[in-house]
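> the following block contains a protein sequence and its predicted model.
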Amino acid sequence: MKGKVLYVESSGNPELLMNCCMNMRLTGNPGCGKTTLARLIFKFLRAYDVLKKDTFVEMNALELKAEYVGQTTPKVIGAVRGAMGGVLFLD
């Protein structure tokens, strides 16, 4: 990713960054700074105009889980759509 950002900064093609997969998984014990790191990565990607929107959506499993069968899908779809172009952080 760093190489791609440097290439675009040196007047390369910005579309190169728009078509790469930026899914990440941050793992570690509770309290080790995963959420803080996710926010820093978001700020970095936003500062370099890699992200289209200034949106950081943070949710946990309880916010996505529904009470009845069939109600979870709309919640997940809404979370993903709300974060499109930005960051969806699932804690």
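Great, that's in hand.

> going along the chain, name the helices of the chain.
Listed from the start of the chain, the chain has helices (DSSP state H) covering 2-9, 15-18, 34-47, 61-64, 72-83.

> ok, Lys52 touching Val87?
No - taking Cβ atoms under 8 Å as the contact criterion, Lys52 and Val87 are not neighbours in contact, 11.1 Å apart. Just so you know, the C-beta spots here come from the backbone N, C-alpha and C atoms, and that holds for glycine as well.

> comparing those two, which residue is more hemmed in?
Neighbours of Lys52 and Val87, each counted by other Cβ atoms under 10 Å, are more numerous for Val87; the result is 21 against 11.

> mind listing what that one touches?
The neighbourhood of Val87, defined by Cβ atoms under 8 Å, 6 or more residues apart in numbering, consists of Ala38, Ile41, Phe42, Leu45, Leu51, Thr55, Phe56, Val57.

> same check, this time on Lys34
Applying Cβ under 8 Å, 6+ apart, one finds that Lys34 lies in contact with Leu26, Thr27, Gly28, Asp91.

> what score does the last one have for pLDDT?
I take that to be Asp91. According to the model's per-residue confidence, Asp91 sits at a pLDDT of 88.

> that one: neighbour count?
Around Asp91 sit 12 other residues, with neighbours defined as other Cβ under 10 Å.

> Val57 versus that one, what's the distance?
Using Cβ to Cβ, to the nearest Å, we find Asp91 at a distance of 11 Å from Val57.

> can you check the second one too?
As for Thr27, its distance to Val57 is 20 Å (criterion: Cβ to Cβ).

> comparing these two, which residue is more hemmed in?
A side-by-side neighbour count of Thr27 and Val57, using other Cβ under 10 Å, places Val57 first with 16 against 6.

> and the more buried one, what are its bridge partners?
Leu88 (DSSP bridges).

> from memory it sits against Gly82, does it?
Yes - between Val57 and Gly82 there is a contact at 5.6 Å, judged by Cβ under 8 Å.
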